[in-house]
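Colleague: Model the structure of this input:
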Amino acid sequence: MLSGHTETDQLGRGGFQELRQADVAAPMAKASWTATSVATLGADVAKAIRIARSGRPGPVHLSLPSDLLDATMPADDVAWPDPAAFAAPAVALGDAAADAILGIVATAQRPFVLAGPAMANRTGRDLLAAHRASNAGADRDHGKPPAASTTPPSARSPMRSAAPI
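Modeller: Numbering: from 1, shown residues only. Here you go, the predicted structure:
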């Protein structure tokens, strides 16, 4: 979430839209801060996107003081973030955990793979299709093709009360 903020030189003086926005948003966000320099705005946005997408995706708040948004600077002084700065680091699944999961799925009477929202994209769907193809007999026997959820289950989600696999 991006929010407008009073000018940096007006902080503490009761300026327009002065509120400790980062502090207010912090309990509801994975991270929350106020940009402090026009030179690092690109890095701040990249950091916010990376944090929002990392681990369990969630909201991030970046407060943007109006003087930073109105500022101009020579093109040579702009520090554009590298595209990799926006990417969330991959969360590795240890071999032991992967083997345990595969063992459970292999021995399940009615196997069903429900992937999280991170798999609801082209790459994820391709991986799920490959899983289905490699287990065609099991899927045909049980009628349970793998699926990707587009949202994490909430406390009231029907997925919480689904029949055991």
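Colleague: For the top strand by length along the chain, name the packing helices and strands.
Modeller: Ranked by residue count and defined by DSSP state E, the top strand of the chain is strand 60-65. Under the contact definition 3 or more CB pairs under 8 Å, 6 or more residues apart in numbering; DSSP states H and E, strand 60-65 sits against strand 2-5, helix 21-25, strand 31-34, helix 41-53. Where C-beta positions appear, they are placed from N, C-alpha and C, glycine not excepted.
Colleague: And the average pLDDT for the very next helix or strand once past that strand is what?
Modeller: As assigned by DSSP states H and E, the chain's next helix or strand after strand 60-65 is helix 66-70. The average pLDDT for helix 66-70 rounds to 90.
Colleague: Which SSE is immediately downstream of helix 66-70?
Modeller: Immediately after helix 66-70, counting by DSSP H and E, sits helix 95-107.
Colleague: Domain ranges for this structure, per the record?
Modeller: For the chain, automatic domain parsing gives the domain ranges 2-86, 95-161.
Colleague: Which of those domains has the lowest mean pLDDT?
Modeller: domain 95-161 (a mean of 70).
Colleague: Is Met1 in contact with Leu62, as I believe?
Modeller: Yes: assessed by CB atoms under 8 Å, Met1 is found in contact with Leu62 at 7.4 Å.
Colleague: neighbour-wise, which of these two wins?
Modeller: Remark: of Met1 and Leu62, Leu62 carries more neighbours, 25 against 14, as counted by other CB atoms under 10 Å.
Colleague: count of neighbours near Leu127?
Modeller: That count, for Leu127 with other CB under 10 Å as the rule, works out to 15.
Colleague: Likewise for Val78?
Modeller: For Val78, using other CB under 10 Å, the count is 11.
Colleague: And Asp76, by the same measure?
Modeller: For Asp76, the tally of surrounding residues (other CB under 10 Å) stands at 5.
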